[in-house]
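[1] Just need the structure, nothing else, for what follows:
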Amino acid sequence: MLVGMICALGAAVCFGTASVLQAMAARAAEPGTGSGVDAALLLRALRQWRYLAGLGLDGVGFVLQIIALRHIPIYAVGAALAASLAVTAVVAARLLRVRLNRREWAAVAVVSAGLLMLGLASGEEGSGTGPPALEWGLLAVAVLVLLVGAAAGGLPDRSRPLVLGFAAGTGFGVVEVAVRLIDGVSWSALTDPALYALLLGGGAAFLLLTSALQRGSVTAATAGMVLGETIGPAVVGVVWLGDRTREGLAWLAVLGFVVAVAGSLALARFGEPPADPADSTHPAGSTDPADPADPAGPVAGPVP
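    Just a heads-up that it's a prediction; the model follows:
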C-alpha cells in the first residue's frame, strides 16, 4: 500500500514537471495548423531538449504509475496524479515566472490534505477484470479522443486549451484502466483490445496535450487533463474492477478524492494568463485589488 502511494506521488512529480518543460518547448516551436491533432507541431517540439527532457520524465512517471496501479485502487492513483497540477504550478513559478500567491499555496495544502485522507482510506487494488465489452469500450473512447481533438482546433483560444487538456486527460485515463486490464506481457496480449486502447489513447493524449500547451495557461490545460484522467477511471475501478476502501472508511476516501481534485482545480483558476500580453508580468511589490492583503499581487501569466 505504502509503495503504491509513494510511486503515485513520484509519478505526479514527474508528470507535473514534464508539463512545464513541454509547454516551454511547444511555445517556442513555430505555430501549428491550429488543429488539436497536429503531428507536425509535435515533431517540431521534439527537436527541443526541453520537450525531450519532459518525455524522459513522462517515461519515468509512467513506470511509477504502472507500479502504483498494481498496488492501490485507480481512484487513489488518479487523485495522486491530480497533484501534478500543484507540481506544475510550483515549477511554472520558477521556469515560466508565474507567481503564486497565498491562495494558491493554500490550494497546494488542500491537495496534500486530500491525498492524506485517500492514503488512510484506500484499500487493496481490485481483482476484478470487468465485462468483455469494457476493453472494446476503452478502444472506442480512445478513437473518440482523437475525434474531439480534431474538432477542438476550431474553438476560441480561451476554451481550446481546457477542452484539449480534458480530451488528453481522457486518453491518459484510458491508459490507467488498460494497464489494469492487460494481464502481463505475452503473445496473447497482441489480440487484446486493451493493448491497442493503451497505445492509441496514450499517443492521442500526447498529441492533444502538446497542442493544448502551446496556447493559454499551462495550469488551465493541465486542469482539464486532471478532470479527464481522474473521474472516469475512478468510476470504472469501483464499478467494474472491484476497487474498494478500508472497512468503514468509504466516506473518507470520497472526501479525500473530492478535496484533492478540487484543490488541484483551484490552482487552474488563479493560473490564468492576463488577456493583455504586455501585462504578462507584474513588478515586485504590486498588489491585487481583489486581494489587497496579498503583497505578491496577481499571478503572472506564462511568458510567451
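
[2] Burial check on S19, number of neighbours?
    28 (other C-beta atoms under 10 Å). To be clear about C-beta, it is placed using only N, CA and C from the backbone, and glycine gets the same treatment.

[3] so how far is G10 from the residue lying closest to it once chain neighbours are set aside?
    Residue nearest to S19 in three dimensions, not counting chain neighbours: T88, with 4.9 Å by C-beta to C-beta, 6 or more residues apart in numbering. T88 is 15 Å from G10, where distance means C-beta to C-beta, to the nearest Å.

[4] where does the stretch 51-200 of the chain have low pLDDT?
    Within the stretch 51-200 of the chain, the segments meeting pLDDT under 70 span 98, 128, 188.

[5] rerun that using 80 as the cut-off
    Along the stretch 51-200 of the chain, segments meeting pLDDT under 80 span 85, 89, 92-100, 124-129, 153-158, 183-189.

[6] Please apply the same query to the stretch 201-304 of the chain.
    For the stretch 201-304 of the chain, residues meeting the criterion pLDDT under 80 lie at 210, 212-223, 267-304.

[7] that older thread, kindly provide the distance from the residue nearest to S19 to C14.
    11 Å.

[8] What of A68?
    12 Å.

[9] who's more crowded, these two?
    Higher neighbour count among A68 and C14: A68, with 28 against 24, using other C-beta under 10 Å.

[10] so what's the more buried one up against?
    When contacts are counted by C-beta atoms under 8 Å, 6 or more residues apart in numbering, A68 is found next to G4, M5, C7, A8, A11, A76, V77, A80.

[11] and the second one, how many neighbours does it have?
    The one in question is M5. By the measure other C-beta under 10 Å, the count of residues near M5 is 20.

[12] which residue sits closest to it, ignoring its sequence neighbours?
    Closest to M5 by C-beta to C-beta, 6+ apart is G119, at 5.1 Å.

[13] Wait, V226 touches A83, no?
    No: V226 lies out of contact with A83 (C-beta atoms under 8 Å); the separation is 9.1 Å.

[14] got any residues that touch both of these two?
    Joint contacts of V226 and A83 (C-beta under 8 Å, 6+ apart) are S264.

[15] if you count residues, which helix in the protein comes out on top?
    The longest helix of the chain (DSSP state H) is helix 2-28.

[16] So F15 is in contact with A83, correct?
    No: the criterion here is C-beta under 8 Å, and F15 misses it with A83 at 9.3 Å.

[17] And the helices in the stretch 51-200 of the chain, which stretches?
    Taking DSSP state H, counting those that start in this stretch as the test, the helices found in the stretch 51-200 of the chain are 74-82, 84-95, 102-121, 133-151, 160-181, 193-214.

[18] Stretch 171-179: how far from the chain's middle?
    12 Å (C-alpha atoms, centre = their mean, to the nearest Å).

[19] my bad, should have said stretch 249-263
    Distance, centroid of stretch 249-263 to centroid of chain: 17 Å (C-alpha atoms, centre = their mean).

[20] Which residues does it contact?
    With contact meaning C-beta under 8 Å, 6+ apart, stretch 249-263 is reached by 75-76, 78-80, 82-83, 86, 107-111, 113-122, 226-227, 230-231, 234, 245.

[21] Going through the residues you listed, which ones are buried?
    Among the contacts of stretch 249-263, the ones that count as buried by 16 or more other C-beta atoms under 10 Å are 75-76, 78-80, 82-83, 86, 107-108, 110-111, 114-115, 117-119, 121-122, 226-227, 230-231, 234, 245.

[22] in stretch 50-58, what's buried?
    Neighbour-count burial for stretch 50-58 flags R50, Y51, A53, G54, L55, L57, D58 (criterion: 16+ other C-beta under 10 Å).

[23] How many residues are close by the nearest residue to L200 once chain neighbours are set aside?
    Computed as C-beta to C-beta, 6+ apart, the closest residue to L200 that is not its neighbour in sequence is A142, at 4.1 Å. Per other C-beta under 10 Å, the neighbour tally for A142 reads 25.

[24] do you know how far A142 is from L198?
    According to C-beta to C-beta, A142 and L198 sit 8 Å apart.

[25] can you list residues touching both of those two?
    Taking C-beta under 8 Å, 6+ apart as the contact rule, the neighbours common to A142 and L198 are V174.
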